[in-house]
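>>> Have a look at this fold, sequence not included:
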């Protein structure tokens, strides 16, 4: 199953082999010791994940509680009337479901799943890029997607990926996805990365966002025994990335509500936002609400002036 799909959840494995998740977890641990699998929270992937990418069905079953908590927290950084870009991914899809409640919001995206989550939000304008559909993650990629983003300016970008390290920043396993993510970053005044703790310290083939471009990381609380994730969080903080940690499912405060400040390693029950040296500036919110449009149609319009150019 792992060879066929690239990743599989413990729940799915237990269902297929008709045994308990406890037994499956023990077996996966033994296979990892033999170098046949790499364990991930809630599942397993093929070892050496620099080139192999899991499909959407597999990703959607991994770290679901953590993604929910991250999405709840990230929604609190979005203001009424703002214009943002949201990349493809299962965590950004969860974020989009919460953004439906933010009035006057404009969301530019290359993700069909993000657009679908916002399709019936009558106070949110959804702007789709062009491009070629990539079926494994329901995202629009290629030159059409990148060209439709040229000249676009929004206040901030919300992105996820396959791995995040302090050395290389955010990365993904697919070249086309990485190229579109870089174009999304160029359109934004600041960059917010959504990544659960299983991605911290993981490095994949194509860099999308260098560490010095990341404004804020929204993540979940790493388990006490996960030294790699804790070390990576501290290294990211040392490089000036603001760290916001959701301590549990549903920990976010909701759109527009401020969170508590603290330091890496501190545990809180709601959300934690760590201001660090070199903090990026806050940018003015955007505005607007109208039917779904293409990104190219907005490139020379009002969205173009929503945020100043990156320094």
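Noted; the coordinates are in hand. Everything numeric in this text was worked out from a predicted model, so none of it was measured.

>>> What count of nearby residues applies to residue 128?
21 (other CB atoms under 10 Å). From N, CA and C alone the C-beta is placed, and that goes for glycine too.

>>> my bad, residue 140
23.

>>> Ignoring the adjacent residues along the chain, who's closest to it?
In this structure, residue 140 finds its nearest non-sequential neighbour in residue 131, 3.4 Å apart by CB to CB, 6 or more residues apart in numbering.

>>> So that neighbour sits against residue 180, correct?
Yes: because the distance of 7.2 Å satisfies CB atoms under 8 Å, residue 131 is recorded as touching residue 180.

>>> could you pull out the helices for the chain?
Per DSSP state H, the chain carries helices over the ranges 2-5, 10-17, 21-33, 56-59, 64-75, 90-99, 112-118, 143-148, 175-186, 227-238, 295-298.

>>> Adding mean neighbour count, distance to residue 216 and mean pLDDT, write these out as a markdown table.
Output for those, formatted as a markdown table (neighbours: other CB atoms under 10 Å; distance: least, CB to CB, whole Å; pLDDT from 0 to 100):
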| stretch | mean neighbour count | distance to residue 216 | mean pLDDT |
| --- | --- | --- | --- |
| helix 2-5 | 13 | 32 | 53 |
| helix 10-17 | 16 | 31 | 76 |
| helix 21-33 | 14 | 32 | 77 |
| helix 56-59 | 19 | 22 | 46 |
| helix 64-75 | 24 | 9 | 91 |
| helix 90-99 | 24 | 13 | 95 |
| helix 112-118 | 21 | 19 | 96 |
| helix 143-148 | 19 | 24 | 94 |
| helix 175-186 | 22 | 13 | 94 |
| helix 227-238 | 18 | 10 | 92 |
| helix 295-298 | 20 | 23 | 56 |
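
>>> Out of the ones you listed, flag the one nearest residue 165.
The closest of the helices of the chain to residue 165 is helix 227-238. By CB to CB, the value is 6.3 Å.

>>> other SSEs contacting the closest one?
Based on contacts counted as 3 or more CB pairs under 8 Å, 6 or more residues apart in numbering; DSSP states H and E, the elements that helix 227-238 packs against are strand 163-165, strand 216-220, strand 242-246.

>>> what angle separates it from strand 216-220?
160 degrees (axes from the mean of the first three to the mean of the last three CA atoms, to 10 degrees).

>>> quick one on the thing from earlier: got the contact list for the residue nearest to residue 140?
By CB atoms under 8 Å, 6 or more residues apart in numbering, the contact list for residue 131 reads 110, 140, 141, 142, 143, 144, 145, 146, 148, 180.

>>> export those residues to JSON lines and tack on distance to residue 125?
Output for those, formatted as JSON lines (distance: CB to CB, whole Å):
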{"residue": "110", "distance to residue 125": "16"}
{"residue": "140", "distance to residue 125": "18"}
{"residue": "141", "distance to residue 125": "23"}
{"residue": "142", "distance to residue 125": "24"}
{"residue": "143", "distance to residue 125": "25"}
{"residue": "144", "distance to residue 125": "21"}
{"residue": "145", "distance to residue 125": "19"}
{"residue": "146", "distance to residue 125": "21"}
{"residue": "148", "distance to residue 125": "16"}
{"residue": "180", "distance to residue 125": "20"}
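
>>> What is the nearest of these to residue 70?
Nearest to residue 70 among the contacts of residue 131, counting by CB to CB, is residue 110 at 20.1 Å.
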